[in-house]
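J.: model the following, please.
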Amino acid sequence: MKSTLVGEADLQHYGSGGRMAAPVVIRSRLADCLELTKPRIAVMALFTVACGYWLGAGSDSGSRVLLNTLLGAGLVAAGGSALNQVFERRTDARMRRTKNRPIPAGRVSVEQATAFGAITSGVGLAYLMATVPPAATLAAALTLVFYALIYTPLKTMTQWNTVIGAIPGALPPVIGWCAARGWEDAGGAVALFLLLFVWQLPHFLAIAWMYRADYAGAGLQMLPGTDATGKRTATVMVVTAAALIPVGFLAVWVGLAGWVYAVGATLLGIMFVRKTLGFARDRSDRQAKRVLRASLVYLPGVLVLLLIDALLLK
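T.: Numbering: from 1, shown residues only. From the prediction side, this is the model:
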């Protein structure tokens, strides 16, 4: 009886000819296209784009320029994520956490995903070129090239891929800053870039430790995959998390923020370091997850403090 009922329910999605009804096909295809864009990563990246714009524009910020920047950068990010999944389709098929993505699962063909990625990112770059200063378009183009064409293939070649991958991950706030100021006052853009660059290292190492067996089985070259005891991974985590404290002060040095941000960023940095020290003492998945959670508290917290200090307290 149960199997009969399930069969009857499934038939509601099909027409009389046995084919899947058009609305279901459309919804399924749209869901796959959305998954190709890695929406959670895109949302985080666009948040940093907006922060970079607000910090660069200050009191002169305008909603139209910001919306143009977010739309163009969002399209570039979406296209880059799709191309990333095209190039990683074989390794994705070998990992539990990614084997159900649209391409390895066979729901989207390589040709379809390639066309989607190329067209989406191309339209995004063209839109940025037409609506914001050229510096922002250049930063977005560099993000796309480093992410899809350099970082992605390096993941199967060298453990240094994490450092290279931190470059495109740190460029989104630079896109926003350049959309507001163009080539002028690059000190603020550099401070934001370095903050996100260093932050990504302990953040990604925590993820790589938690999925080290999956990554190793797929042939991805990650530090935790060749670090059986976790001592080297822990050392890099602690050093890079600690480095965030002086790196965070660059924003004060270039005049982006003042003492409120400095105090808050230091406290958040100490919290982050403490979590990495916890991993150093007990190199377990549980402690790695705590480092990951701390990283996801640190970055939004520091950026919000920057915005409050730069825009409300000055």
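J.: can you list the low-confidence ranges for the protein?
T.: Residues of the chain that meet the criterion pLDDT under 70 lie in 1-22, 24-25, 314.
J.: identify the residue nearest the geometric centre of it.
T.: I41 (4.2 Å; CA atoms, centre = their mean).
J.: so R29 lies in a strand, does it not?
T.: No - assigned with DSSP: H, G, I helix; E, B strand; the rest coil, R29 falls outside any strand and is helix.
J.: number of nearby residues for it?
T.: Neighbour count of R29, defined by other CB atoms under 10 Å: 14. All C-beta spots, glycine's among them, are computed from the backbone N, C-alpha and C.
J.: then the one 5 residues further on?
T.: Counted with other CB under 10 Å, the neighbours of L34 add up to 13.
J.: could you identify the helix or strand that succeeds the helix or strand where it lies?
T.: For L34, the enclosing helix or strand under DSSP states H and E is helix 22-36. Downstream of helix 22-36, the next assigned helix or strand under DSSP H and E is helix 39-57.
J.: how about that following helix: buried residues?
T.: 42, 44-57 (16 or more other CB atoms under 10 Å).
J.: so A294 touches M271, yeah?
T.: Yes - using CB atoms under 8 Å, A294 is in contact with M271, at 6.2 Å.
J.: which one of those two has more residues nearby?
T.: A294 (23 against 14).
J.: can you get me a residue count around the residue nearest to the more buried one when sequence neighbours are not counted?
T.: Of all residues not flanking A294 in the chain, K275 sits nearest, at 4.0 Å (CB to CB, 6 or more residues apart in numbering). The tally of other residues near K275 (other CB under 10 Å) stands at 25.
J.: wait, K275 sits on V291?
T.: Yes - between K275 and V291 there is a contact at 4.9 Å, judged by CB under 8 Å.
J.: need the overlap of contacts for the two.
T.: Jointly contacting K275 and V291 under the rule CB atoms under 8 Å, 6 or more residues apart in numbering are A241.
J.: so who does the closest residue in space to D285 that isn't next to it in sequence touch?
T.: Nearest residue to D285, sequence neighbours excluded (CB to CB, 6+ apart): M210, at 5.2 Å. By CB under 8 Å, 6+ apart, the residues touching M210 are D285, A288, K289, L292.
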